[in-house]
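1. pasting the sequence and the predicted model now:
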Amino acid sequence: MKKLVLILTALMTISLSACSQKKTNQNMKQKVLVAYFSASGTTKGVAQQLAEVAGADLHEIKPEQPYTDADLDWRNKQSRSSVEMQDRKSRPAITSKLQNMKDYDVVYVGFPIWWYTCPTIINTFMEAYNFQGKIVIPFATSGGSSIKKACEDLKATYPNINWKEGKLINHSTKDDLKKWVENNK
C-alpha cells in the first residue's frame, strides 16, 4: 500500500511539474520587431511610437538611394516613385539588412501608402527574409487612402506568410496602439 501511495505521489508530482513548465513556455514573451520605410518622416514617427508601445525593436528599411522631393512627386509620371510603382517587378535596393531576423516572432511592417498600396521597397524587404513561423502585421500612414488594397496586395504576393489584419495609423493615440498590439497577441 505504501508503494502504491509513493508511486501515485511521484506520478502526480511529475504531472504537475510538466503542466507548470508548459504554462511557463506559453507565457514566454514574444520577440517583436517594428520595421518601417518612411520617405518623409511621417511613418517613422508612427513606427517609433508603435515600437515603444509594443516593447519592440525598431528597424528602418532604408533605400540604397535616398528619395528626393523630386523622386516623390506623384504628379510627375517620370518621377522615380511613379516609375517604380508602375513596374510590379521593381525592387529598390535597401542598405541595412537585419542579421537576426530569425529571432523575431512578430514583425510589424510599416510604410506610407503610395498609389493605394505599399511602396515597392516593401517587396524588397519581404523578399530579403524568411518569414516562416512568424506573424507579420502591416501598418501604414496615408493622406487619404486606406490600407485595404495594400494588405490585399501583400497577402496575394506572399500567400505563405501568416498575415494579421493591418491598420492605418495616422492619428492613433498610445492607448489605441496598445489595444491594437494586445489584439495581435
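-> That came through, no problem. Numbers count the residues shown, from 1 in each chain.
2. for this protein, what spans make up the strands?
-> 32-36, 57-60, 106-112, 135-141, 162-163, 167-168 (DSSP state E).
3. show me what the second one is packed up against.
-> Applying 3 or more Cβ pairs under 8 Å, 6 or more residues apart in numbering; DSSP states H and E, we find strand 57-60 packed against strand 32-36, helix 42-54. Where you see a C-beta, it was placed from the backbone N, CA and C, and this is true even at glycine.
4. mind putting the strands of the chain into CSV with mean neighbour count?
-> CSV is the format used below for the strands of the chain (neighbours: other Cβ atoms under 10 Å):
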stretch, mean neighbour count
strand 32-36, 24
strand 57-60, 18
strand 106-112, 25
strand 135-141, 23
strand 162-163, 14
strand 167-168, 20
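5. quick one: closest of those to residue 150.
-> For residue 150, the closest of the strands of the chain is strand 135-141, at 6.0 Å, according to Cβ to Cβ.
6. can I get the strands of the chain in TSV including distance to residue 154 and mean pLDDT?
-> Output for those, formatted as TSV (distance: least, Cβ to Cβ, whole Å; pLDDT from 0 to 100):
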stretch	distance to residue 154	mean pLDDT
strand 32-36	13	98
strand 57-60	18	98
strand 106-112	8	98
strand 135-141	6	98
strand 162-163	7	97
strand 167-168	13	96
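7. nearest to residue 46, out of these?
-> strand 135-141 (5.7 Å).
8. what does that closest one rub up against?
-> With Cβ atoms under 8 Å, 6 or more residues apart in numbering as the test, strand 135-141 has contacts from 42-43, 46-47, 50, 105-113, 118, 147, 150-151, 154, 161-170, 184.
9. distance of the nearest residue to residue 30 once chain neighbours are set aside from residue 36?
-> Leaving out its chain neighbours, the residue that sits closest to residue 30 by Cβ to Cβ, 6 or more residues apart in numbering is residue 105, at 3.9 Å. Distance, residue 105 to residue 36, using Cβ to Cβ, to the nearest Å: 18 Å.
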